[in-house]
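In: Next comes the sequence, and after it the predicted model I'd like to discuss.
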Amino acid sequence: MSDGDARPVTGSIESTLLDGVLRLTLSDPDRLNAMTPALADDLCANLQSIGSDVRVVVLSGEGKHFCSGANLAGVLKDPEALADGGAVLERHYNPLIMAIHALPVPLITSIRGAAVGVGASLALIGDLIIASDTAYFLQAFRRIGLTPDGGAPFILTQAVGRVRALEMMLLAEKLPAQKALEWGLVTRVVPEDELDATVDAIVRDMAEGASFALGKIRQMAWAATRSGLDEALALEVETQRAAAATHDFQEGLSAFMEKRRPRFTGN
């Protein structure tokens with residue numbers, strides 16, 4: 001993938017790489033960007049194949065909604081899903097969540113309209129979650145006799161605690177963006193017509209940053225969800241040692257001493 005390359009790929013993913021920013025768009029607006037195994041596989045492949053030319057990833061949905069959840073009509077036509085409800089998760093959705101977990105650069109999610117089911121998981125797994133005031137989040141699994149997937153129990157409990165996570169999963173009520181912000185579930189909520197500009201400003205800042213350090217920061221935060229203090233401190237030593245050996249650290253130090261804006265190169 002080269003700078004300026006923009007193309008649709010199978011599974012309705014639109015991918016554009018420009019100036020270090022990889023934009024991935026769920027593109028099936030007629031079905032509110034409903035998730036399918038093929039779409040999950042293609043999104044996963046895009047994330048696993050990023051190279052050193054990518055400094056930040058932006059995930060969004062085409063049209064007025066982010067993602068309406070799994071395409072249930074497709075599930076009814078899928079013998080694999082009907083025979084084993086866990087197989088689709090093991091083979092398609094879980095690898096996607098783990099690919100996001102392993103990203104070496106920050107992930108920004110841009111959310112408008114519906115973020116439902118696995119779509120809510122994809123929205124809320126972002127490192128920075130920027131939501132329009134039209135956005136809402138919904139865990140509706142129990143209304144059709146299923147349990148949450150896409151990492152939702154882990155993501156929600158880590159983000160807002162057991163009580164509020166269970167409120168979302170057991171009551172299956174829409175959580176408006178503003179309330180999600182009050183809960184600490186999203187980073188910012190902005191007016192609908194300001195969402196793209198707000199995301200673009202954050203993206204430019206991330207893309208101009210010290211990408212090695214930014215990637216390590218997000219990995220340290222993920223590691224903290226499953227480690228004790230001693231392990232977290234040991235990881236700090238390891239990552240700080242690696243960051244201090246980069247050219248970007250030398251540039252940042254020079255810029256600080258010279259009272260100028262640093263010119264990071266990602267090395």
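Out: Right, received. Where do you want to start?
In: from here on, contacts and neighbour counts on C-alpha atoms
Out: Fine.
In: Check the model's average confidence along the lengthiest helix in the chain for me.
Out: Across the chain, the longest stretch assigned as helix under DSSP state H is helix 229-244. Looking at helix 229-244 alone, the average pLDDT works out to 83.
In: same check, this time on stretch 49-66
Out: If you average the pLDDT over stretch 49-66, you get 95.
In: which residues touch it?
Out: Counting by Cα atoms under 8 Å, 6 or more residues apart in numbering, the neighbours of stretch 49-66 from elsewhere in the structure are 17, 20-29, 32-33, 67, 105-115, 119, 123, 135, 203, 206-207, 211, 266.
In: give me that answer again for 6 Å
Out: Contacting residues not belonging to stretch 49-66 are listed as 20-27, 29, 32, 105-115, 207, 211 [Cα atoms under 6 Å, 6 or more residues apart in numbering].
In: just to revisit the earlier point, enumerate the positions of the longest helix of the chain that are buried.
Out: Within helix 229-244, the residues scored as buried using 16 or more other Cα atoms under 10 Å are 232, 235, 239, 243.
In: what comes into contact with that helix?
Out: With Cα under 6 Å, 6+ apart as the contact definition, helix 229-244 has outside contacts at Ala213.
In: Convert it to PDB, retaining C-alpha atoms only.
Out: Output of helix 229-244 as PDB, limited to C-alpha atoms (Å, rounded to 0.1, in the frame of the first residue of the first chain):
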ATOM      1  CA  LEU A 229       2.300  -3.500  39.700                       C
ATOM      2  CA  ASP A 230       5.700  -5.300  39.500                       C
ATOM      3  CA  GLU A 231       5.100  -6.400  36.000                       C
ATOM      4  CA  ALA A 232       3.900  -2.900  35.000                       C
ATOM      5  CA  LEU A 233       7.000  -1.300  36.400                       C
ATOM      6  CA  ALA A 234       9.300  -3.900  34.600                       C
ATOM      7  CA  LEU A 235       7.500  -3.100  31.400                       C
ATOM      8  CA  GLU A 236       8.100   0.600  31.900                       C
ATOM      9  CA  VAL A 237      11.900   0.000  32.200                       C
ATOM     10  CA  GLU A 238      11.900  -2.100  29.100                       C
ATOM     11  CA  THR A 239       9.900   0.400  27.000                       C
ATOM     12  CA  GLN A 240      11.600   3.500  28.300                       C
ATOM     13  CA  ARG A 241      15.000   1.900  27.500                       C
ATOM     14  CA  ALA A 242      13.900   1.200  23.900                       C
ATOM     15  CA  ALA A 243      12.300   4.700  23.500                       C
ATOM     16  CA  ALA A 244      15.400   6.400  24.800                       C
END
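In: and that helix, how far out from the chain's middle?
Out: Relative to its chain's centre, helix 229-244 lies at 24 Å (Cα atoms, centre = their mean, to the nearest Å).
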